[in-house]
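Enquirer: after the sequence you'll find the predicted model.
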Amino acid sequence: MATMASNRIPPAPVEDPTNKAFFDGCREGKLLIGRCLDTGKPFFYPRGISPFTLSTNVRLEPSKGEGVIYSWSIQRGKDPYCLAYVTLDEGVTMMTNIVDCDLDTIRCGQRVRLVWKPSDGGPPLPMFTPV
């Protein structure tokens, strides 16, 4: 029997000046990643300081929103859901949820694409569904 992902609505994220640009991007339907302009390396979560050089020479740029499942875990019960690490095609890995699918079919290496899901009173959140 299939285990379908629930349509649970997660709580609104806590927003502050360090993540405002990221969540503003979410409101505009853009998944933003950081890029260190000193090294050219992408990073996630986006922030104002490079994790590679500790420089503020960074910019936020939109992701295509496509990638592969690196690792995953299913919470079974009344409202089943999948917590996963997705490695985006840009090279960064982010924690997210896999949604809109039979949770029993999820596999490492599976291609996924970005979908936006509402939060409880906050910005929509980036989640992924199998391609």
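Expert: Received, thanks.

Enquirer: CA atoms for contacts and neighbours, from now on please.
Expert: Noted.

Enquirer: which stretches of the chain have low pLDDT?
Expert: Within the chain, the stretches with pLDDT under 70 are 1.

Enquirer: where exactly do the strands run in it?
Expert: Shown for the chain, the strands assigned by DSSP state E span residues 32-36, 42-43, 58-62, 66-75, 81-88, 93-98, 111-117, 125-130.

Enquirer: how far away is Asn72 from Tyr81?
Expert: No, residue 72 isn't Asn; it's Trp. For Trp72, the distance to Tyr81 (CA to CA, to the nearest Å) stands at 10 Å.

Enquirer: same list, the strands of the chain, but as CSV with distance to Val14 please.
Expert: Output for the strands of the chain, formatted as CSV (distance: least, CA to CA, whole Å):
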stretch, distance to Val14
strand 32-36, 17
strand 42-43, 20
strand 58-62, 20
strand 66-75, 23
strand 81-88, 19
strand 93-98, 16
strand 111-117, 16
strand 125-130, 12
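
Enquirer: can I get those in JSON lines with mean neighbour count and distance to Thr18?
Expert: Below are the strands of the chain laid out as JSON lines (neighbours: other CA atoms under 10 Å; distance: least, CA to CA, whole Å):
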{"stretch": "strand 32-36", "mean neighbour count": "23", "distance to Thr18": "12"}
{"stretch": "strand 42-43", "mean neighbour count": "22", "distance to Thr18": "15"}
{"stretch": "strand 58-62", "mean neighbour count": "18", "distance to Thr18": "12"}
{"stretch": "strand 66-75", "mean neighbour count": "18", "distance to Thr18": "25"}
{"stretch": "strand 81-88", "mean neighbour count": "22", "distance to Thr18": "22"}
{"stretch": "strand 93-98", "mean neighbour count": "20", "distance to Thr18": "17"}
{"stretch": "strand 111-117", "mean neighbour count": "19", "distance to Thr18": "22"}
{"stretch": "strand 125-130", "mean neighbour count": "22", "distance to Thr18": "17"}
